Structures are given as C-alpha cells and as structure tokens.
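>>> 3D, please:
(one chain, ligands or ions: 2)
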Amino acid sequence: MDFHDYINKVRERFQRSDFAPLAYVHSYGCQQNVSDGEKILGMLADMGCGITDDRSSADIIILNTCAVRENAEEKVFGNIGELKRLKEQNPDLIIGVCGCMPQQKHIVERIRRSYKYVDIVFGTFAIADFPKLLSEHLESRKFTEDTEERNSVPTEGMRVIRSCFYKASVPIMYGCNNFCTYCIVPYVRGREHSRLPEDILNEINGLVSDGCKEIMLLGQNVNSYGKNLDEPVSFSELLRRINALDGDFRIRFMTSHPKDVTFELIDTIAQCDKICKHLHLPLQSGSDRILTAMNRHYDLQKYMDTVNYAREKMPQFSLSTDIIVGFPNETYDDFLMTLDTVKKVGYDNIFSFIYSKRKGTKAAEMEDNTSDEDKSKWFRELLEVQRNVAEENYKRFEGRVMTVLFDGESRRSGYISGKSDEFIIVEAKGSTELIGQMKKVKITSTRYWAVEGEIID
Ligand code: 5AD
Ligand code: SF4
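Ligands and ions are numbered 1, 2, ... in the order given. Got it, this is the predicted structure:
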C-alpha cells in the first residue's frame, strides 16, 4: 500500500464515523520544512480534514520541527509543553511531532519521557508514511513512531496546500552531502537526492498557470542539483529550462554553496531574464582557518572570485549571506576577518547566528575556549557593522526603478510592503489589494533595512 491507499483508508474511516476533523500544522525553520508542512496539509485535506490556523479548535495538531540550532529546538519543546492543557481538555486530540528533531534519537527519548501525551512521532524520511502512521494510531490509540532513515523520500504526486497564491517554494532536491562540521542537516535529512527535471518543470508550469508570480527553488545545495540523476542535468541547465517556460513570473533559489558556484551559474543568472539578480551565498566565516575547521571546502579567495565575477557581469548584483559567530575556538582575529569580508562584499542582507552546539556533529567534539560573552559581544558588533554597510549600500537604489512583488501591509498605515528582485524590502503607498501583484516602483528614499518609493506601473 502506498500513501494514496492509506489516505483513502483514513478518509473512509472518518466518513464512516461521520467525523471531519480539523487539522492544524505548524512548520518551524527553513523553507524546506515549510514546504514539507504544505505536503502534510495536502495529505490531511485529502484524508477529509478541515484545515484551521487556530490550534485550540483542532482535532489533529502537527508540529513540523527544526533542529538547526538549540534555541529552535527549545522553542518547539516549549510549544509541545503548551499542548498538554489542550490534550487534557480534549483527550481525543491527536498530537504529532515530525520533521528534523525526531530524526535524532535523544529527542525522541525526551519526547517519550517528558511529553507522554504526544501520539505520533515521525522524521523527515517518513513524511509519505504519515497517512499510514495516522491510520495505525487511529486503530491502536497507542504511541506511533517512524524515525527510520531511508535512501529517498517518495513525495512525487503528493498534493500541496500553499498558504500563498502568488509565491511558491519548489524543492528541486532533498538532503545534503556536505557535512559542514557544525551542521545537523546531513544527519536529519540524509544524502542528496534530486527530483527529475520534468517533474519540477511540470510543477512550475502548473503554479504559473494558476497565477503564481514567484518560484523559489529549494535545496540545501542547489549547485549540486542533478549530479546523481540517471541522465545528469546541471543546475544552470535546469534554470535555463525554467526560464524558458511561458508566463510572467520570477525565479529565486537557495541555498548556493560557495564551493560549487560556477562562473557558468553566474552567466546563467545574467542571461536569463526571469532569474532575480540576487544570490544568497553563505560565507559562514571570513577566516580560512575557521572555514577549514567548518569543512566548507572553499577559502576566502575562492569566495571573493565568485563575488567579483558576479559584480563584473552585473554591477548592481545583490548578495546576501549567512554568518556563524563563535565557532569553537574562534578568536577575535578570525572574527575581524569576517567583519572585513562583510565590508568588502557589501551584502544587502545578512542572516547571522551565534554558533549552536549540535549533538552528533564533529564541531560538538571540538575544544572551545571562546567565552559566551565574547561570542555575544562579537555578534552585536557584526549587527552594527552590517547596519552601516546596508545603509550605505541601499543608497545605490535611490532614483532607480525596482520590480516589486507586494506581500503584506507595512507597519505604517496606508503603506504596503514587498520584495524587489534584489530581495530588498520595498515600501510604497498603496492598498492591500495590491498584495500578490508585481509592480514597478521608483525609489525615493532609503534606510538600512528597507527602501521606499512610488508605484509607477
Ligand atoms: N549553529 C549556528 N548556526 C548554524 N547554521 C547551521 N548550523 C548551525 C549551528 N550549529 C546556520 C548556517 C546555515 C544557516 C541555515 O544556519 O549559517 O547557513
Ligand atoms: Fe548544513 Fe553545510 Fe549542508 Fe548547508 S551545506 S545544510 S550548512 S551541512
């Protein structure tokens, strides 16, 4: 039996008892996880459930968890703790915990020990087995678990329920082969596995004909897309095929690993009109010593060669990055090299994190004599530097026309907010009816976190 059969089985069971449960799914963490959550919602809807965003009225609650940093995990445990009260009020409530956290043994043990009211636990590999697990739980009413590792995750043909009609994330590959020493992802998401290009193109075609304006291609390392397919296809080739599809939409992707970004990819971005002129290129550290300890397989020179080539081809090119502050035994000199690189590259956006020790990773075993106080101090210093860098950078947009997809209300009344092709927040006077529309905006002023302009078209 595959997941379709179990979906039918559960739906028939609900129909027989004349019960249409309400389901609530919350996804933490990265866009890959959000995308998995959309599949879980799709399966629940196919099983006959109604969908709610109010967990107190739900009959089924699924927390789709993130393990990338400790504070993300503690937040999840806090939220699982809050569900105890709901379970006491409604003993028939079904609580599921899935995603990256249960892919670690010690987490499942903690759930079993301290959160006995959790009913179903499954990991990232078992997403297609969720209907089976739910079916088994409905029959036995016992704790049901599947956290086994598998070679691949069969999700083709799964219905997806997206919360947004104008933007969509499309996974192009799953897993990661890189084993950066600080990172838990390869342990909880397994080895790289690319989707077939025709499946990706079909999905995007469907989305675009439904009116979707932005396609975000997802993978932990999109630059190694297609290497292991029976008929290998490079990421650049995939991008060119997507760019050639009919329709008025733009293409983004993340994440690019600096070790695998080729000049061919930069040329592809420059030549394809639908691809946003922006690259998220996680630096992690500006110190070669730390990059080696992180097992990143590039040095600062290689990173800067990529940045310089991109800027040569596209002078206005926008870059964002991830930075980890306080890797084991990082010194202030190492950190200064990161600061220096941040200034040199001139990122438009930085996502910075204090290093978080992840059990089972190589870095967790490394000696660490750097104090938490220093790490926090340096982290604040990085934020301050980036604020100045972005303030200076954003001035280049003044007077320019940007293409903006509006996605929400601004905090200022009468204003709406969106993202430009460069992934910059743009605010403009306008009503919420414009949300979901792509417009040209002439920039009139800039700040350090956003720019502002007038809609001209
Ligand atoms: N501690 C801090 N940050 C981490 N990241 C991944 N693992 C850790 C960790 N253990 C950050 C990296 C990555 C981003 C998604 O999360 O910067 O690029
Ligand atoms: Fe983690 Fe490195 Fe893989 Fe990114 S490339 S998911 S940081 S191991």
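
>>> got the residue ranges for the helices in the stretch 51-200 of the chain?
70-89, 105-114, 130-140, 185-189, 197-209 (DSSP state H, counting those that start in this stretch).

>>> Out of these, which is the most enclosed?
helix 185-189 (a mean of 22; mean count of other C-beta atoms under 10 Å). The C-beta positions use only the backbone N, C-alpha and C, and glycine is treated the same way.

>>> Quickly check: that one near ligand 1 or not.
No - Helix 185-189 lies out of reach of ligand 1 by C-beta under 6 Å from any ligand atom, never closer than 7.2 Å.

>>> what about the longest helix along the chain, distance to the chain center?
Once the chain is assigned using DSSP state H, the helix that runs over the most residues is helix 372-394. Centre-to-centre, helix 372-394 and its host chain are 23 Å apart (C-alpha atoms, centre = their mean, to the nearest Å).

>>> Show me the protein divided up by domain.
In the domain annotation for the chain, the residue ranges read 3-146, 167-395, 398-455 (automatic domain parsing).

>>> Which of those domains sits closest to Glu156?
domain 167-395 (5.8 Å; C-beta to C-beta).

>>> ok, now how distant is the nearest residue to Ser163 once chain neighbours are set aside from Pro171?
Closest residue to Ser163 in three dimensions, ignoring its sequence neighbours and counting by C-beta to C-beta, 6 or more residues apart in numbering: Glu38, at 7.6 Å. Plainly put, Glu38 is 10 Å away from Pro171 if you go by C-beta to C-beta, to the nearest Å.

>>> got it, and Ser114?
32 Å.

>>> cool, and His106?
27 Å.

>>> pretty sure Leu382 contacts Thr341?
No - using C-beta atoms under 8 Å, Leu382 is not in contact with Thr341, being 10.9 Å away.

>>> Quick check: neighbours shared by those two?
Common contact partners of Leu382 and Thr341 (C-beta atoms under 8 Å, 6 or more residues apart in numbering): none.

>>> Which pLDDT value goes with the closest residue to Asn177 other than its chain neighbours?
Spatial nearest neighbour of Asn177, excluding adjacent residues (C-beta to C-beta, 6+ apart): Glu192 at 4.8 Å. pLDDT recorded at Glu192 is 94.

>>> Glu192 against Pro171, yeah?
No - Glu192 is beyond contact range of Pro171, at 11.9 Å (criterion: C-beta under 8 Å).

>>> Now do the helices in the stretch 301-450 of the chain.
According to DSSP H, counting those that start in this stretch, the helices that the stretch 301-450 of the chain contains are 332-345, 372-394.

>>> nearest to Glu148, of those?
Going by C-beta to C-beta, the one of the helices of the stretch 301-450 of the chain nearest Glu148 is helix 372-394, 36.2 Å.

>>> Convert that closest one to CSV, retaining C-alpha atoms only.
Extracted C-alpha coordinates of helix 372-394, given in CSV (Å, rounded to 0.1, in the frame of the first residue of the first chain):
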residue,chain,number,x,y,z
ASP,A,372,29.9,33.0,25.5
GLU,A,373,30.3,36.7,26.5
ASP,A,374,32.8,37.2,23.7
LYS,A,375,30.5,35.4,21.2
SER,A,376,27.6,37.7,22.1
LYS,A,377,29.7,40.8,22.0
TRP,A,378,31.1,40.0,18.6
PHE,A,379,27.6,39.1,17.4
ARG,A,380,26.4,42.6,18.3
GLU,A,381,29.4,44.1,16.7
LEU,A,382,28.5,42.2,13.4
LEU,A,383,24.9,43.5,13.5
GLU,A,384,26.2,47.1,14.0
VAL,A,385,28.7,46.8,11.1
GLN,A,386,26.0,45.2,8.8
ARG,A,387,23.6,48.0,9.6
ASN,A,388,26.1,50.6,8.4
VAL,A,389,27.0,48.5,5.3
ALA,A,390,23.4,48.1,4.3
GLU,A,391,22.6,51.8,5.0
GLU,A,392,25.4,52.7,2.6
ASN,A,393,24.5,50.0,0.0
TYR,A,394,20.8,50.8,-0.1
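
>>> so what does that helix touch, helix or strand wise?
If you count contacts as 3 or more C-beta pairs under 8 Å, 6 or more residues apart in numbering; DSSP states H and E, helix 372-394 packs onto strand 318-325, helix 332-345, strand 349-354.

>>> okay, those, which one's buried deepest?
Greatest burial across these, using mean count of other C-beta under 10 Å, falls to strand 318-325, with a mean of 22.

>>> Figure out how far that strand is from the centre of its chain.
15 Å.

>>> So is that strand next to ligand 2?
No - Strand 318-325 stays out of contact with ligand 2 when judged by C-beta under 6 Å from any ligand atom, the minimum separation being 8.0 Å.

>>> Specify the angle between that strand and helix 332-345 in degrees.
170 degrees (axes from the mean of the first three to the mean of the last three C-alpha atoms, to 10 degrees).

>>> and strand 318-325, anywhere near ligand 1?
Yes - residues of strand 318-325 contacting ligand 1 under C-beta under 6 Å from any ligand atom: Asp322, Ile324.

>>> what's the angle from that strand to helix 372-394?
Using the same axes, to 10 degrees: strand 318-325 against helix 372-394 is 170 degrees.

>>> Under the pLDDT cut-off, which ranges of the stretch 1-150 of the chain? List them.
Applying pLDDT under 70 to the stretch 1-150 of the chain flags no residue at all.

>>> ok, which residues in it are in contact with ligand 1?
Val68, Arg69.

>>> now do 5 Å
Applying C-beta under 5 Å from any ligand atom, we find that the stretch 1-150 of the chain lies next to ligand 1 at Val68.

>>> same check, this time on the stretch 301-450 of the chain
Residues of the stretch 301-450 of the chain lying near ligand 1 (C-beta under 5 Å from any ligand atom): Asp322, Ile324, Phe353, Tyr355, Ser356, Arg358.
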